[in-house]
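Novice: This is a predicted model, with the sequence first.
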Amino acid sequence: MPQDQLFSFDIQAEDPHCAARAGVFHTAHGDVPTPIFMPVGTKATVKGITPDQLKQLGAKIILANTYHLSQRPGPELIAHMGGLHAWERWDAPILTDSGGFQVFSHNDFVKLSDDGVSFRVVDYDGRHVTWTPEENMRIAELLGADIVMQLDVCPGYPCDRAYLERAVQLSSAWAARCWQAHTRPDQALFGIVQGGMDLSLRVQSLRVLEECGDFPGYGIGGYSVGESHETMFESLAPLASEYMPKHKPRYLMGVGNPATLVRAVGCGVDMFDCVLPTRTARMGTAFSSEGRMNLKHARFIDDPRPIDETCGCPACAQGFSRSYLNHLVRQKEMLGSILISLHNIWYLLDLMRRARNAVIEGCYPAFERAFLESEAGRRDF
């Protein structure tokens with residue numbers, strides 16, 4: 001089946017007062033309702049959480065990381081085992097990133113050229129590796145996710161203007177080559193809009209992407225790389241609400257703190273991912289209606305309440321107390337990380353469910369305002 005028939009995006013509701021919308025992105029492994037938060041399973045696992053538990057939490061789509069899986073165990077082995085879906089026992093949609101963010105985090109060990117990027121795998125065996133857009137697409141096709149991302153250059157913030165322009169130029173050229181190299185009809189290849197905090201460069205990047213291929217959706221990369229949230233929204237808000245095509249999903253990459261998600265939905269963003277809910281859980285920190293909650297704190301030693309008394313996650317619904325979680329976290333017991341991860345993932349999934357309902361009901365600005373004025377919004381990460 002042609003890609004344009006297999007993958008489509010239906011907008012079900014648009015808020016009359018802002019750019020927020022509710023939709024469904026159709027994939028080979030199921031439908032993805034938007035707005036949506038996507039839990040990150042970097043090495044083909046959302047740390048400590050089974051596939052059945054993820055489904056019970058309401059996850060519709062999860063991520064895996066191309067860079068890490070390309071190093072261990074390698075895309076050929078995963079393909080031999082039937083691809084990511086069969087290998088990790090997840091039969092719903094999967095998205096794999098390009099791995100570009102991880103590659104460019106190697107800093108001094110990275111060399112750019114028109115052909116691709118060369119880097120040293122310092123966090124594994126120290127080998128020197130070269131990725132071209134064509135090699136990146138070969139890896140993506142072997143992994144077998146439903147949504148894959150083009151190879152791009154992800155500059156940090158602040159960034160030298162010449163390097164930022166070079167990043168946009170290379171990302172645009174590589175997008176065209178990814179489009180030509182990608183052959184799997186059961187995968188949706190998304191282009192990635194780059195340009196740092198410069199709206200004009202962002203729009204330039206988007207226009208080139210629209211010209212080089214009929215991408216089923218667009219990632220918005222290069223945010224959450226050191227800038228403040230306010231600086232991010234100066235360019236993100238107009239980019240999403242005024243310039244990006246309405247009939248395709250918009251995916252804000254690597255952003256997952258609650259207040260930013262709520263604001264970004266109001267700007268017209270549809271999809272989000274971030275390691276924040278599980279990474280902070282491993283440090284003993286929970287999302288809650290009271291804002292960020294450090295469960296290591298002594299004030300929780302004898303607190304009999306669950307993390308959040310309004311929460312429906314397994315940890316809260318089964319009555320695990322703040323006191324018990326405080327003990328688990330202090331003693332570095334893995335159950336503490338698991339229970340808080342379950343809670344944090346549920347929290348963001350439920351937040352996006354409520355956001356979606358607010359769009360459908362035509363009251364998103366009121367929902368956004370109420371959240372940002374609440375303890376959860378004001379005491380955000």
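Specialist: Thanks, I have it.
Novice: and the closest residue in space to residue 155 that isn't next to it in sequence, what does it touch?
Specialist: Leaving aside its chain neighbours, residue 155 sits nearest to residue 167 (4.6 Å; criterion: CB to CB, 6 or more residues apart in numbering). C-beta: built from backbone N, CA, C; applies to glycine. Residues counted as contacts of residue 167 (CB atoms under 8 Å, 6 or more residues apart in numbering) are 152, 153, 154, 155, 159, 194, 196, 222.
Novice: Under the pLDDT cut-off, which ranges of the stretch 1-150 of the chain? List them.
Specialist: Filtered on pLDDT under 70, the stretch 1-150 of the chain yields the residue ranges 1-5.
Novice: in it, which spans are helices?
Specialist: 3-6, 51-57, 66-71, 75-80, 83-88, 100-104, 133-143 (DSSP state H, counting those that start in this stretch).
Novice: Just give me the neighbour total for residue 307.
Specialist: Residue neighbour count, defined by other CB atoms under 10 Å, stands at 26 for residue 307.
Novice: How is this structure partitioned into domains?
Specialist: 3-274, 275-381 (automatic domain parsing).
Novice: one step back: in which helix or strand would I find the residue nearest to residue 155?
Specialist: For residue 167, the element it lies in under DSSP states H and E is helix 161-181.
Novice: by contact count, what packs against the next helix-or-strand element following that helix?
Specialist: On the C-terminal side of helix 161-181, the nearest following helix or strand under DSSP H and E is strand 188-193. Under the contact definition 3 or more CB pairs under 8 Å, 6 or more residues apart in numbering; DSSP states H and E, strand 188-193 sits against strand 147-149, helix 161-181, helix 199-212, strand 218-220.
Novice: Which residues outside strand 188-193 are in contact with it?
Specialist: 3, 6-7, 27, 98, 137, 140, 146-150, 152, 171, 175, 178-179, 182, 202, 205-206, 209, 212-213, 215-221, 239, 244, 251, 253.
Novice: Spell out which strands sit alongside it in the sheet and which way each one runs.
Specialist: Strand 188-193 has its sheet partners listed here by DSSP bridges as strand 147-149 (parallel), strand 218-220 (parallel).
Novice: that older thread, restrict the helix holding residue 167 to CA atoms and write it as CSV.
Specialist: What follows is helix 161-181 as a C-alpha-only set of coordinates in CSV (Å, rounded to 0.1, in the frame of the first residue of the first chain):
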residue,chain,number,x,y,z
ARG,A,161,25.4,32.0,13.6
ALA,A,162,27.5,30.5,10.9
TYR,A,163,27.2,27.0,12.5
LEU,A,164,23.4,27.4,12.9
GLU,A,165,23.1,28.3,9.2
ARG,A,166,25.3,25.4,8.3
ALA,A,167,23.2,23.1,10.4
VAL,A,168,20.0,24.2,8.5
GLN,A,169,21.7,23.8,5.1
LEU,A,170,23.0,20.3,5.9
SER,A,171,19.8,19.2,7.5
SER,A,172,17.9,20.3,4.4
ALA,A,173,20.2,18.6,2.0
TRP,A,174,20.2,15.4,4.1
ALA,A,175,16.4,15.4,4.3
ALA,A,176,16.3,15.2,0.5
ARG,A,177,18.7,12.3,0.5
CYS,A,178,16.8,10.5,3.3
TRP,A,179,13.6,10.9,1.2
GLN,A,180,15.3,9.4,-1.8
ALA,A,181,16.9,6.6,0.2
